[in-house]
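**Q** Quick one, what's the 3D model for this:
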Amino acid sequence: MEYGTTNRSQFSELVRFSRPMMTLAGTFTIIIMVVGVLGNLLTLVALIRHSKIRTVAAAFIASLCLSDLLFGFIVLPFSASQFFHGTWIHGEILCTMIPSLRYGTIGVSLLSIASISINRYILIAWPQLYTRIYTKTKVFFYVFLIWAFSYGLQIPTLLGKWGVYGMDEKLGTCSIKPDSNGNSSKTALFVIGFALPSIIIVLCYSNIFIVVRKSHKRLAQHSSNGGKFKRSEMKITKMVLVIFICFVVCYLPITIVKVFDNDVQQAPLHVLGYLLIYLASCVNPVVYVTMNKQYRYAYLETLKCHYNSNLESNTPGNTPTKTHGLSVAYLKNIVHNSSKV
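**A** Here you go, the predicted model:
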């Protein structure tokens, strides 16, 4: 098959779920691209302009936003083109580069999300070790490892040793195909890419909730202001639910589809799965940034073109000033009281 051409039978196979649906998917992809690029770019600019929000957690958030920005700016235009044309029309070289960038940026996003979860857990459960684990040099190294690992996984496929990049005639898109030995990394990447971050997120935020809840119960016994503790518990609960639900909704469908429908018998499900992954590049800035009041303030100041490096901060150095609405001093007090019996 030549790139940029599609015979009638293949085109019929690709759009058997209706041409209007393909057009709608392409339009939705463009909307996601615009919103995602603007949202992630705004976050990165805010991080650059406002020094007080450039904390340890912000380093992983910046990694997440940068990967989502590259995904939206470079990958999504080609994804929209595939939906509108029903096939790949951009040549063989880009048919190798774009999917490798797609898988690489998605890997960076997933590992950055998992790193944020680990960072939050260590801050709350082991605050005494936090500054030792998260020095400036180590944080830079952690972020480097995230990017190196994600794109390093693409090297075997680029060399044709674990599948090959090329046109997937079943979907009319450039992706990973089996190599001459019938091997492909696609299923393994989707399973590992979803299962590992899911386990990390569930374990970290479950333990965060347990630590905070136990501490609130102990503190409530010595305080008449029990309602305040109850509201704090609800904030933690909502945060955990939002993070995990968004993660599952965006990444679980494509994982299931890739594993159980490798022959693409249900093409609409593949399209929906890809759209949900694309949506994650828009959702991440909302979930991991705008839940923090300081980031919202930085957004407003950035949009008004005001430079302000004196955002409210309760802690010096690299220690995060807020943890999704809970101050570090408050969290350390919770952990300290939870150790008292």
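**Q** Helices of the stretch 1-150 of the chain, residue ranges please.
**A** For the stretch 1-150 of the chain, applying DSSP state H, counting those that start in this stretch gives helices covering 8-14, 19-49, 56-70, 76-85, 92-125, 127-133, 136-152.
**Q** worst average pLDDT in these?
**A** Note on these: lowest mean pLDDT is at helix 8-14, with a mean of 43.
**Q** buried sites along whatever helix or strand residue 156 lives in?
**A** Assigned by DSSP states H and E, residue 156 belongs to helix 155-158. Using 16 or more other C-beta atoms under 10 Å as the test for burial, helix 155-158 gives residue 157. Backbone N, C-alpha and C define where each C-beta goes, glycine included.
**Q** In PDB, could you pull the C-alpha coordinates for it?
**A** Backbone C-alpha positions of helix 155-158 (Å, rounded to 0.1, in the frame of the first residue of the first chain) are rendered in PDB as follows:
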ATOM      1  CA  ILE A 155      14.500   2.100  20.700                       C
ATOM      2  CA  PRO A 156      14.000  -1.700  20.200                       C
ATOM      3  CA  THR A 157      11.000  -1.000  18.000                       C
ATOM      4  CA  LEU A 158      12.800   1.700  16.000                       C
END
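**Q** Contacts for that helix, please.
**A** For helix 155-158, the surrounding residues in contact (C-beta atoms under 8 Å, 6 or more residues apart in numbering) are 96, 100, 162, 163, 164, 165, 176, 185.
**Q** Which neighbours in the sheet does the next helix or strand after it have, and how are they oriented?
**A** Downstream of helix 155-158, the first helix or strand assigned by DSSP H and E is strand 164-168. Strand pairing for strand 164-168, using DSSP bridges, gives strand 173-177 (antiparallel).
**Q** The partner strand versus helix 92-125: what angle between them?
**A** For strand 173-177 against helix 92-125, the angle by axes from the mean of the first three to the mean of the last three C-alpha atoms, to 10 degrees is 70 degrees.
**Q** which is the next helix or strand following strand 173-177?
**A** As assigned by DSSP H and E, the chain's next helix or strand after strand 173-177 is helix 186-220.
**Q** which helices and strands sit right next to that next one?
**A** When contacts are defined as 3 or more C-beta pairs under 8 Å, 6 or more residues apart in numbering; DSSP states H and E, helix 186-220 sits against helix 92-125, strand 173-177, helix 226-260, helix 328-338.
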